[in-house]
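*Asks:* what follows is a protein structure lacking sequence information:
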């Protein structure tokens, strides 16, 4: 059965496809191009707003031109079998595709060993995790794969909207088990200072999210050695932040292209959100009154709120990670 996804997933995958197309074009002078998909997902996906098919990341990576010559796809066993069968059926004559069943954190070393003969090839890794499943040690392996070359580019889902709930920040005590998953993903316990500051009210919810994103960007640049990193915040239909897509690159061309695409996406995202909101209102009205709208709502009808024109995305560099202020002797903070 197809998986249902929100409009923000479709937008994320649109950005991915645009970047992958630019990536392969920029590397068209070489004979090999590598794509890693650490959470490759289901082959069938559907929009929960419109019931339309959503092409997943694997399909989008397979249809760029010139093509990726090596595609390493990772999924847990049951999903991996279904994914492999769907790919074989849809692309029966396509070579260079390999599905690695199991935990990507355990399988990535095997994949990189298989790729060792072409470790010079331009490499892009899509890490579309659900929460905090990827390990820092896995990111280290990917970042060090192309020795003597610019690093493999990373695009990571950073589930900032999940952390307060997962950590039980506003409960009597924080969830230590969930905290261990964050430590494995970020490679440090520095996230805990941000969480504790949020518990004490020293940081607002948006400030805490920004500090968590900053910490990850800082680690990618200062510990893994990436030249540039930045984040794009995905919102839901109500306008709430749900997660950030963090991009890290060593290459000036990749940096320039993704900045342009993030600038384009900023204006698109709000337009898509308002479209989804209008569709939801229509569906609720239809359910309560039984009246079906004569015309479906389309994005070109939504002119009431101006959308920012496309611009070059120009984020600030990450700053030193947040540290919890020490308590003074008189009990004040």
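*Replies:* Received, thanks. This structure is a prediction, so every number in the text was calculated from the model and none was measured.

*Asks:* is it true that residue 162 touches residue 168?
*Replies:* No - with contacts counted by CB atoms under 8 Å, residue 162 stays clear of residue 168, the gap being 11.8 Å. For every residue, glycine as well, the C-beta is placed using N, CA and C.

*Asks:* low-confidence stretches in the stretch 1-150 of the chain?
*Replies:* Where the stretch 1-150 of the chain drops to pLDDT under 70, the residues are 1-2, 43, 47, 49-51.

*Asks:* which residues in it form strands?
*Replies:* 3-5, 34-37, 45-47, 70-75, 97-101, 123-127 (DSSP state E, counting those that start in this stretch).

*Asks:* right, so those strands: which one is the most enclosed?
*Replies:* Per-stretch averages of neighbours, counted by mean count of other CB atoms under 10 Å, single out strand 34-37 among these, with a mean of 26.

*Asks:* other SSEs contacting that strand?
*Replies:* helix 57-62, strand 70-75, strand 123-127 (3 or more CB pairs under 8 Å, 6 or more residues apart in numbering; DSSP states H and E).

*Asks:* out of those, which comes closest to residue 114?
*Replies:* Closest to residue 114 of the helices and strands packed on strand 34-37 is strand 70-75 (CB to CB; 7.6 Å).

*Asks:* coming back round to it: which one of the helices and strands packed on strand 34-37 lies nearest to residue 40?
*Replies:* Nearest of the helices and strands packed on strand 34-37 (CB to CB): strand 70-75, 4.2 Å.

*Asks:* partners of that closest one in the sheet?
*Replies:* strand 34-37 (parallel), strand 97-101 (parallel) (DSSP bridges).

*Asks:* which of those strands sits closest to residue 185?
*Replies:* Nearest of the strands paired with strand 70-75 (CB to CB): strand 34-37, 16.9 Å.

*Asks:* can you redo the strands paired with strand 70-75 as TSV with distance to residue 244?
*Replies:* Formatted as TSV, the strands paired with strand 70-75 follow (distance: least, CB to CB, whole Å):
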stretch	distance to residue 244
strand 34-37	19
strand 97-101	26
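
*Asks:* between the ones you listed, which gets nearest to residue 55?
*Replies:* That would be strand 34-37 among the strands paired with strand 70-75, by CB to CB, at 13.2 Å.

*Asks:* quick one: residues contacting residue 174.
*Replies:* Shown in contact with residue 174 (CB atoms under 8 Å, 6 or more residues apart in numbering): 167-168, 195, 199.

*Asks:* can we see that at 10 Å?
*Replies:* 166-168, 192, 195-196, 199 (CB atoms under 10 Å, 6 or more residues apart in numbering).
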